[in-house]
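Visitor: below are the sequence and a predicted model; questions follow.
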Amino acid sequence: MSILAFDLGASSGRALLGRLSDRKIEVEELHRFPNDPVKVGNRLHWDILRLYHEIKQGLLQAKHKGVKLQSMAIDSWAVDYGLIGRNGELLSNPYHYRDQHTDGMMEKVFRTIPRADIFGRTGIQFLQFNTIFQLAAHRQSNPAIFREADRFLMIPDLLRYFLTGEMMNEFSNATTTQLYNPRTGGWDAELLARLELPSSLFGRVVYSGTYAGELLPSVSDELGIGAVPVIAVAEHDTGSAVAAVPALDRSFAYLSCGTWSLMGTEVDEPVMSELALQLNFTNEGGVGHSYRLLKNIMGLWILQEMKREWDRAGISYSFPELVKLAQQAPAFGAFIDPDDPLFLHPGDMRPRIRQYCIQTGQQPPEQPGEIVRCILESLALKYRYVLLLTERLSGKQFNGLHMVGGGIQNELLCQWTANAIGKPVWAGPAEGSAIGNLAVQWISQGMFSDIWEARKVIRESFPVTIYEPAQLQAWEEAYGRFLSIAGLSE
């Protein structure tokens with residue numbers, strides 16, 4: 001049985017063909033494409049029609065291989081959205097979450113709705129690019145568009161709509177908007193009213209594994225393929241990545257590692273305590289009506305931006321070359337807090353790293369290897385900090401950490417993470433989001449009874465690399481310095 005997963009990340013997208021045979025999953029990459037934001041004037045957008053085009057190219061690649069698809073599904077990053085007008089057309093290009101239109105918007109919203117009220121209704125952590133703040137900024141800058149809008153769709157919802165003509169909002173992504181109330185199981189009418197957002201924009205929320213229509217005749221005719229069923233999986237890519245964590249113990253900690261790093265654990269009910277608000281943790285929807293108690297960490301974004309900066313200067317390094325240079329640089333030279341707002345927006349990171357180091361009384365790293373080592377060591381130490389907070393908040397103790405996602409191809413980061421947390425790291429699979437996407441499609445078709453059976457098959461189908469902790473004393477001392485420099489306390 002062949003199915004297709006489209007996994008759209010913040011920097012690239014891919015189409016993976018999945019086959020299930022004798023309880024073994026096989027995957028084949030059919031199509032990979034860049035996902036570059038587009039700057040127009042001072043605004044940053046996603047090229048949503050290009051993404052739609054690339055999805056059609058992935059379907060064509062399956063056709064050219066003679067594959068008859070049983071289903072397909074899409075997952076992507078969270079928080080961003082499009083508005084559909086009364087004529088059924090997209091009203092404007094979706095904004096990129098790193099666009100500056102949300103600068104200062106959190107404080108403006110808090111003057112209308114106190115921070116504690118929002119958390120008490122949604123259980124979602126506060127990030128300036130959350131959908132609630134994007135919508136408030138959008139309404140402030142262009143109120144007329146909300147008079148024309150008929151429906152609000154997040155990125156996978158929107159692409160599904162282009163393919164099927166069906167409009168629905170998927171649960172895992174809906175929860176990330178900070179407008180979904182897990183206690184009532186739907187959009188929070190009071191928040192929408194106080195933000196003066198029409199409740200009619202926000203449609204039916206469906207759980208992962210829901211049949212969401214099939215390809216429109218116009219799409220099928222254009223591509224020369226049949227009416228492929230489309231499934232709403234856990235459409236937030238982290239939700240799909242966590243579905244693919246090959247855990248055998250039902251109490252586990254995970255790190256989905258890519259442009260963003262998301263660390264947490266799976267819980268049956270959202271944790272919406274005063275401590276969760278204080279620690280700025282989030283409760284995002286998962287597979288099987290579960291929740292992901294987690295915290296966002298900036299991830300490999302800073303390194304990716306540094307590479308782009310060097311590329312623009314005509315200094316071309318591959319990521320493996322940068323990792324090798326980092327390995328050769330002196331240890332623990334300087335640290336940054338990856339989540340400092342200084343590093344949120346696109347642009348030259350080197351002067352910002354220098355600024356952060358000077359402000360915190362450190363000698364800034366100068367050579368490429370020193371800069372990369374600073375970024376990776378700081379990430380590993382931040383992972384330890386968040387893992388300890390996760391244990392404190394969940395009341396669980398974890399024997400190690402499952403790492404999934406493209407970031408695990410950086411073996412140095414995996415090892416340094418094990419060193420930092422003082423526990424084993426189990427790394428794999430790399431294509432976690434796409435594999436979780438496939439798994440939920442198979443659950444919807446009855447091929448797996450639930451997510452735990454799927455995780456068992458995933459563990460048997462893909463290798464897991466074990467990283468044992470080392471150099472514990474040196475990393476313990478470095479952690480103390482890191483906390484002091486970043487102004488963090490446990």
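Guide: Sure thing, it's come through. Nothing here was measured: the structure is a model prediction, and the numbers come from that model.
Visitor: now the element after the helix or strand hosting A420, going C-ward?
Guide: A420 is part of helix 411-421 when elements are defined by DSSP states H and E. Later in the chain than helix 411-421, the nearest helix or strand by DSSP H and E is strand 425-427.
Visitor: what about the longest helix along the chain, distance to the chain center?
Guide: Using DSSP state H, we find that the single longest helix of the chain is helix 368-394. In terms of CA atoms, centre = their mean, to the nearest Å, the centre of helix 368-394 is set 17 Å apart from its chain centre.
Visitor: buried set for it?
Guide: Within helix 368-394, the residues that count as buried by 16 or more other CB atoms under 10 Å are 368-387, 389-390, 393-394. All C-beta spots, glycine's among them, are computed from the backbone N, C-alpha and C.
Visitor: can you check stretch 460-475 too?
Guide: 461-462, 464, 467, 469, 475.
Visitor: which residues sit against that stretch?
Guide: 23-26, 246, 331-332, 381, 408, 411, 414-429, 435 (CB atoms under 8 Å, 6 or more residues apart in numbering).
Visitor: for that stretch, the distance to its chain's centre please.
Guide: Going by CA atoms, centre = their mean, the spacing between the C-alpha centre of stretch 460-475 and its chain's C-alpha centre is 23 Å.
Visitor: restricting to C-alpha, output that stretch in CSV.
Guide: The C-alpha trace of stretch 460-475 is given here as CSV (Å, rounded to 0.1, in the frame of the first residue of the first chain):
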residue,chain,number,x,y,z
GLU,A,460,11.7,-1.8,13.9
SER,A,461,11.9,0.0,10.6
PHE,A,462,14.4,2.7,11.2
PRO,A,463,17.8,2.8,12.9
VAL,A,464,18.2,4.6,16.2
THR,A,465,21.7,5.8,17.1
ILE,A,466,22.6,5.9,20.8
TYR,A,467,24.8,8.7,22.1
GLU,A,468,26.2,8.1,25.6
PRO,A,469,27.1,11.1,27.8
ALA,A,470,30.8,12.0,28.2
GLN,A,471,33.0,14.7,29.8
LEU,A,472,30.3,15.2,32.4
GLN,A,473,32.4,17.4,34.8
ALA,A,474,33.3,19.9,32.0
TRP,A,475,29.7,20.1,30.8
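Visitor: now do the contacts for G165.
Guide: Applying CB under 8 Å, 6+ apart, the residues near G165 are 213, 216.
Visitor: do that again at 10 Å, thanks
Guide: Residues in contact with G165 (CB atoms under 10 Å, 6 or more residues apart in numbering) are 88, 213-219.
Visitor: isn't P270 right up against L294?
Guide: No. Counting by CB atoms under 10 Å, P270 sits too far from L294 to count as a contact (11.3 Å).
Visitor: for those two, indicate the residue with more neighbours.
Guide: Set side by side, P270 and L294 show more neighbours around L294, with 27 against 22, by other CB atoms under 10 Å.
Visitor: ok, what's across the strand from that one?
Guide: Counting by DSSP bridges, L294 is bridged to G264, T282.
Visitor: and the helices in the stretch 51-200 of the chain?
Guide: Assigned by DSSP state H, counting those that start in this stretch, the helices in the stretch 51-200 of the chain fall at 105-112, 115-122, 131-141, 143-148, 155-164, 171-175, 189-194.
Visitor: one step back: of the contacts of G165, which is the nearest to R115?
Guide: Nearest to R115, judged by CB to CB, of those is G88 at 37.0 Å.
Visitor: got a list of what the nearest residue in space to R250 that is not next to it in sequence touches?
Guide: Nearest in space to R250, with sequence neighbours left out and distances taken as CB to CB, 6 or more residues apart in numbering, is W452 at 7.6 Å. Going by CB under 10 Å, 6+ apart, W452 touches 247-248, 250, 288.
Visitor: can I get those in CSV including secondary structure?
Guide: Formatted as CSV, the contacts of W452 follow (DSSP: H, G, I helix; E, B strand; the rest coil):
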residue, secondary structure
A247, coil
L248, coil
R250, coil
G288, helix
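Visitor: highest neighbour count among the residues you listed?
Guide: Highest count within these by other CB under 10 Å belongs to A247, 20 neighbours.
Visitor: how much space between that residue and E170?
Guide: A247 is 23 Å from E170, where distance means CB to CB, to the nearest Å.
Visitor: can you check L412 too?
Guide: In terms of CB to CB, L412 sits 35 Å off from E170.
Visitor: neighbour count: those two, which is higher?
Guide: E170 (29 against 18).
Visitor: isn't that one right up against E284?
Guide: No. Using CB under 10 Å, E170 makes no contact with E284, being 11.9 Å away.
Visitor: who touches H96 in this structure?
Guide: 10, 37-39, 43-47, 77, 80, 129, 134, 346.
Visitor: do the same with F152
Guide: Each residue near F152 by CB under 10 Å, 6+ apart is listed here: 81-84, 131, 135, 146, 158, 167, 169, 174, 177, 179, 187, 197-198, 200-203.
Visitor: where along the stretch 251-400 of the chain do the strands fall?
Guide: 253-257, 261-267, 282-285, 291-297 (DSSP state E, counting those that start in this stretch).
Visitor: and the second one with strand 253-257, angle?
Guide: What it means is strand 261-267. Comparing the axes of strand 261-267 and strand 253-257 via axes from the mean of the first three to the mean of the last three CA atoms, to 10 degrees yields an angle of 150 degrees.
Visitor: counting contacts, what elements does strand 261-267 pack onto?
Guide: helix 237-243, strand 253-257, strand 282-285, strand 291-297, helix 368-394, strand 401-404 (3 or more CB pairs under 10 Å, 6 or more residues apart in numbering; DSSP states H and E).
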